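Student: no FASTA, just this:
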């Protein structure tokens with residue numbers, strides 16, 4: 001992973017407070033003759049130093065403020081201090097977001113989709129690599145084309161799963177995936193394929209007018225976690241904008257196992273897909289948040 005140093009410090013603006021040194025995770029910056037100086041050979045390009053500098057003396061060339069220049073709303077660039085937010089309101093937003101499976105025909109403006117990507121990339125990433133990728137399907141016709149590709153993949157899988165001899169042979173050598181699929185998913189997927197082919201009923205994306213596919217370029221230290229953290233940001237951001245969302249695991253699986261599905265929407269083979277988000281204007285509403293199953297909580301106390 002690239003860790004090139006792009007940090008620059010203006011000695012005229014630096015007041016020697018040392019705050020940038022304290023927050024630097026790789027000792028890229030040290031104090032020299034009462035001023036901050038770039039002395040390290042590696043950098044995470046996290047921007048901690050620039051964010052902490054009270055005089056604006058530090059600049060990190062690898063990052064751009066334009067990445068967070070939103071088109072549909074204005075965000076203050078002032079840092080929100082620890083504890084300076086309504087925790088109850090945040091929890092309510094999280095609990096209110098639900099998987100939407102009923103959408104109106106109203107299209108989603110491309111500016112909203114791009115702003116959702118901007119919200120997504122405010123998530124943390126392993127070693128701050130930010131190797132995630134976002135492929136936007138902005139119109140219903142694009143979503144329908146992807147639906148057909150995913151359907152093609154599952155037609156093939158269902159045909160294989162219907163072969164009892166093949167399932168049995170694979171089980172004998174320790175590969176139970178096809179048999180598990182047959183027992184858990186074959187019937188419902190078969191029905192969904194029939195509904196799609198005969199009546200155009202969309203049981204995959206539920207008629208959503210847009211989709212965001214989140215992946216990662218090669219080289220990330222924890223690409224799946226990075227993508228899913230960005231996805232959660234997008235889900236919450238979409239709800240705040242009035243949009244409904246739903247994670248589509250079947251589409252992720254199809255792209256993971258058949259590169260042709262990825263290629264159909266312009267994703268190169270070397271990228272891996274970790275989340276597919278259907279989104280659009282919801283044609284459903286609720287009056288209260290739902291409960292959750294009781295979590296397993298344990299303390300480690302020697």
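Tutor: Ah, there it is. No experiment lies behind these values; they were computed from the predicted model shown.

Student: pLDDT wise, what is residue 124 at?
Tutor: With respect to pLDDT, residue 124 has a value of 96.

Student: same question for residue 1.
Tutor: Residue 1 is given a pLDDT of 64.

Student: which residues in the chain form strands?
Tutor: In the chain, the segments counted as strands under DSSP state E are 7-9, 29-32, 35-38, 58-60, 132-137, 210-216, 244-247, 272-280.

Student: and the longest one, how far out from the chain middle?
Tutor: What it means is strand 272-280. Its chain's C-alpha centre and that of strand 272-280 lie 7 Å apart, by Cα atoms, centre = their mean, to the nearest Å.

Student: what of stretch 218-228?
Tutor: Taking mean C-alpha positions (Cα atoms, centre = their mean), stretch 218-228 and its chain are 10 Å apart.

Student: so where's the protein uncertain?
Tutor: 1 (pLDDT under 70).

Student: CSV for the strands of the chain, including mean neighbour count and distance to residue 176?
Tutor: From N, CA and C alone the C-beta is placed, and that goes for glycine too. Formatted as CSV, those follow (neighbours: other Cβ atoms under 10 Å; distance: least, Cβ to Cβ, whole Å):
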stretch, mean neighbour count, distance to residue 176
strand 7-9, 18, 51
strand 29-32, 16, 53
strand 35-38, 18, 55
strand 58-60, 20, 49
strand 132-137, 20, 32
strand 210-216, 25, 28
strand 244-247, 22, 25
strand 272-280, 24, 24
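
Student: so what are the domain limits for this protein?
Tutor: What automatic domain parsing lists as the domains of the chain is 7-63, 95-287.

Student: tell me how far the last one is from the chain's mean position?
Tutor: Yep, that's domain 95-287 we're talking about. Counting by Cα atoms, centre = their mean, domain 95-287 comes out at 11 Å from the chain centroid.

Student: what does the first one give?
Tutor: Domain 7-63 has its average C-alpha position 30 Å from the chain's average C-alpha position, going by Cα atoms, centre = their mean.

Student: now the terminal residues of that domain, how far apart.
Tutor: Counting by Cα to Cα, to the nearest Å, you get 10 Å between the two ends of domain 7-63.

Student: equivalent analysis for the last one, please.
Tutor: Terminal residues of domain 95-287 lie 12 Å apart, using Cα to Cα.

Student: list the buried residues in the top helix by length along the chain.
Tutor: Determined from DSSP state H, the single longest helix within the chain is helix 140-161. Within helix 140-161, the residues that qualify as buried by neighbour count (16 or more other Cβ atoms under 10 Å) are 140, 143, 146, 147, 149, 150, 151, 153, 154, 157, 158, 161.

Student: show the contacting residues for the third one.
Tutor: Residue 146 sits next to 137, 205, 211, 251, 261, 264, 265 when contact means Cβ atoms under 8 Å, 6 or more residues apart in numbering.

Student: next one: the fourth one
Tutor: When contacts are counted by Cβ under 8 Å, 6+ apart, residue 147 is found next to 196, 202, 204, 205.

Student: can you rerun that using 10 Å?
Tutor: Shown in contact with residue 147 (Cβ atoms under 10 Å, 6 or more residues apart in numbering): 196, 200, 202, 203, 204, 205, 208, 211, 248, 251.

Student: drop anything exposed from those.
Tutor: Here, 16+ other Cβ under 10 Å leaves 196, 202, 203, 204, 205, 208, 211, 248, 251 buried among the contacts of residue 147.

Student: what's the burial count for the nearest residue to the third one once chain neighbours are set aside?
Tutor: Taking Cβ to Cβ, 6 or more residues apart in numbering as the measure, residue 203 lies nearest to residue 192, with 4.0 Å between them; neighbours along the chain are not counted. The criterion is other Cβ atoms under 10 Å. On that basis, residue 192 has 18 neighbouring residues.
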